[in-house]
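Q: sequence unknown, structure follows:
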C-alpha cells in the first residue's frame, strides 16, 4: 500500500482528487466492495489513481468493507456505501468496481452517461468479450439519478453471483439501455482467485426480480438491519465498514417467477 | 438342436450348448483344472491364458431382445470405452500426471500396434478403430460440453466448430468407403482401364463389354507369355535384374522407361521398375486375381486394392486409389477441428493474453485444476495436443509421398533396395525416392492424386501405348 501511496502523491486524504487546471464534468464516486483481498486492492488502487488522474476526473474512492464472517452481501455494501457517500458530497456518478478487475488501458473513461454503462466489456478471463449481451457486472457506471431510479442493488443476494444479473434486469425494468466501450478499450485483467461459494437461492431471487425491484433496494435498507460501523479516511481510500445485518427470508413460492423462456431470452440474446 | 427363439439372456456358447448369462461365473472346466494344478503345485498348461481369454470373450454378453439371444460384447471394441475414461480420471489429479498419461498412452498404443503387426497369427482387430472413435467423441464431448458452449465463447465460434466437426465426420464416412478393391469380376475392367484401351475407346464401351474383355484377356495372355519367355519372370533374382537392367526397355509393361531415359542408369529406379514389372506379371495368390501395377494385397483386409497406400489401423481400413483423397481431407479436417477446438477450450479454461490486438493466446494455466470441469478439459487438451503433433507428422509424410506420386508400399520397397545397395545420401534426400518411375513432376502428381487417376498409365510420350501393339 505504501508503494501505491508513493506512486500517487497527488491523492488527497480519503482517496480524493480533482484536477486543478480544469473543472471536471462529473463528480464520481468509485465503490469497491471489499473483504480479505489485500493484494488485489493494492494493485487496483495503484492503477486506478494513476489512470483517473490521466483522465482528469474528480473522484473519490470508497472502500465498502464488510465486517464479520457472514456471506458477502455485495448489493447491501453498494447501497449502504452509496447512501453514506451521498452524505459526504453531492456526487453525479457512481461506479461499481470489483476489486479483482484491473483496467488495461487509460482510454476507458470512468464517467457515467444517461444510460447504464458497462465499463468492463472485455475481461481477459472471459476471452475479451462479454459472455452474454445482458451481462452487467464487473465494472459498471450509473448516474446517481439512475441508481436511485433502479432502486439500487437487491438486498437479498448473499454470496457470489446473481446480484449483477439482477441489476441488469433492474436497468431493463427501468427502461435503461446498456452502453459499452469498444472491446479493445474496455479491457480488464482479472486477478485470479478461488471463487467463493455461490449465493443460496440466488437464481430464485433473480427470477423474481419483477416483483422485488421496486420494493427491495435503496428504499428498504432499514429492514435489512445493515448499518455503518465506522467511516475512516485513509491515504488512498475512504473506508466504510459495514455490518451486513440479517439474512434475507428464503424465497417465497407465491411470488410470480419468470419462466424458462425469459431465462433463455436473458442469457442468450 | 431344435430351432426356437432364444430368451433375452440365453445364448449358444462356443461348444454349441445353450447357456445363460447368469451362469457366466459357473462351470468353468479350465479354471477348475488350473486350480487343481495350482494346489498340486504342478505347472500350468501353456495355452491356459489363451483358453481363459476365449472363454471370457465367449461369456461376456449383454442381454438383448429379438430372439437371437444375448449378444456378445467384443473386447476389442468395448475396451477403449472403459480405458479412456479411466485414463481421464487418473490424469485429472495433477499437471504432470496429465502430460505423462497423454504422452505415454499413444506410445503404448504404438507398441501394441507393433506387437500386433509382428504377430504372424494376428487377426483383424477393431481395437484401434474403436479407440480412435471413442477418443474423438470423448474429446468432442469434453470440448463442447465444458468449454465451447459454456458462454465464454461466442455462439458463432461454437457453431463453426460444431459444423467443422460434422464435416470431419462426413469425410470419415467417405474414407470408410471402398478403397478400390480388385476382385475377380472387376479385374477385366480395371486392367482394361489401366493398360490396353486408350481413354477415348473406353468412353464408348461399357465395362462388361464381352468383346473388349476377350481382347483384354488375349492381350494379357500375350503379355504374360512374353514376360515368361524373357528374363523378367518373377523368379529372376535381384542381382541378375540389376546387371541386365537395360533390358527392361523391351519389356512390354515398361511404360515408365521412356520417361526416364537419363535416369535409367540409377540402380534404384531399375529395381523399383523391376519390382513393378514383377507385380504386374504375377497375380495375387491369396485373392487369385491378376494385379495391375501399383496394386497390392492387404494381409489384414484379405483383399487386393488398386494403388494401395497403407492399411490404416485407426480407421480399420485400407487407403487406396478411391479413398486416398478423402483420407487426406480427413487428416486436414481433423487438424483444423482439433486445433480450433484446442484454441477455444484453452483460452476458456486458461487466462488468455491478447496478442497483436486480434489473437488470443492461452498463457496462464495454473488454475485449471481448481475445478473438476476445467481439469477434465485440460487433460483432454493435453491428449489432443499429442495426437495433433503425431497427425501433423503423418500429414507431412503423406504430403512428401504424394508430391512424388509414390505410395508407402513403393517407398518401403525403395528403402529396402537402397539399404541393400548401401548407398549413403543426405538425410533430407532420403525422403525422396530417386528415380521413381511414376514421378511426373509436382503439379501433375498433385493433379493425378486429386483426380484419383494414379492407376492410369503415365503418358510421358506416346511410346507406352505403342509398345503394347
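A: On my side now, so go ahead. In this text the structure is predicted, and so the values were computed from the model without any measurement.

Q: hey, let's count contacts and neighbours off CA atoms from now on
A: Will do.

Q: got the residues of the stretch 1-150 of chain B near chain A?
A: Taking CA under 8 Å from any CA of the partner chain, no part of the stretch 1-150 of chain B reaches chain A.

Q: tell me which element the closest residue to chain A within the stretch 1-150 of chain B falls in.
A: Relative to chain A, the nearest point of the stretch 1-150 of chain B is residue B:150 (9.1 Å; CA to the nearest CA). Following DSSP states H and E, one finds residue B:150 outside all helices and strands.

Q: now residue A:29
A: Here residue A:29, judged by DSSP H and E, is contained in strand A:27-34.

Q: and the next helix or strand past that strand?
A: Remark: after strand A:27-34, the chain's next helix or strand is helix A:38-54, criterion DSSP H and E.

Q: need the contact partners of that following helix.
A: Residues outside helix A:38-54 that contact it (CA atoms under 8 Å, 6 or more residues apart in numbering or on different chains): A:1, A:3-5, A:7-8, A:11, A:17-19, A:59, A:99-103, A:106, A:110, A:191, A:236.

Q: report the buried residues of that helix.
A: By 16 or more other CA atoms under 10 Å in any protein chain shown, the buried positions in helix A:38-54 come out as A:40-53.

Q: also stretch A:20-33?
A: Buried residues in stretch A:20-33, counted by 16+ other CA under 10 Å: A:26-33.

Q: before we move on, what about stretch A:66-82?
A: For stretch A:66-82, the neighbour count (16+ other CA under 10 Å) marks A:66-67, A:71-82 as buried.

Q: now for those residues: which two are most distant?
A: Greatest spatial distance among the buried residues of stretch A:66-82 (CA to CA): A:71 and A:82, at 20.0 Å.

Q: re earlier: buried among the contacts of helix A:38-54? Make that a ChimeraX selection.
A: Filtering the contacts of helix A:38-54 down to the buried ones (16+ other CA under 10 Å) takes a single ChimeraX command:
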select /A:4,5,8,11,17,18,19,59,99,100,101,102,103,106,110,191,236
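
Q: among the contacts of helix A:38-54, name the ones in strands.
A: Judged by DSSP state E, those include A:17, A:59, A:101-103 as members of strands.

Q: report the two of these separated the most.
A: Largest separation among the ones in strands among the contacts of helix A:38-54 by CA to CA: A:17 and A:101, giving 21.2 Å.

Q: any regions of the chain where pLDDT drops low?
A: No chain was given, so I picked chain A. Applying pLDDT under 70 to chain A picks out residues A:194-197.

Q: that answer is for a different chain, and I need it for chain B
A: For chain B, the stretches flagged by pLDDT under 70 are B:1-3, B:45-46, B:49, B:151, B:184-282, B:419-429, B:458-469.

Q: now the nearest residue to residue B:183 once chain neighbours are set aside: how far from chain A?
A: Nearest non-adjacent residue to residue B:183, counting by CA to CA, 6 or more residues apart in numbering or on different chains: residue B:289, 6.9 Å away. Counting by CA to the nearest CA, to the nearest Å, the gap from residue B:289 to chain A is 60 Å.

Q: chain neighbours aside, what residue packs nearest to residue B:98?
A: Nearest non-adjacent residue to residue B:98, counting by CA to CA, 6+ apart: residue B:91, 4.4 Å away.

Q: and for that neighbour, the neighbour number?
A: 22 (other CA atoms under 10 Å in any protein chain shown).

Q: wait, it touches residue B:103, no?
A: No - contact criterion CA atoms under 8 Å: residue B:91 and residue B:103 do not qualify, at 11.5 Å.

Q: contacts only, for residue A:224.
A: With contact taken as CA under 8 Å, 6+ apart, residue A:224 is in contact with A:155, A:244-248.

Q: can you rerun that using 7 Å?
A: A:245-246 (CA atoms under 7 Å, 6 or more residues apart in numbering or on different chains).

Q: quick one: the strands in chain B, in order.
A: Per DSSP E, chain B carries strands over the ranges B:10-12, B:18-20, B:61-62, B:71-72, B:181-182, B:283-284, B:289-290, B:296-298, B:303-305, B:310-312, B:317-319, B:351-355, B:359-364.
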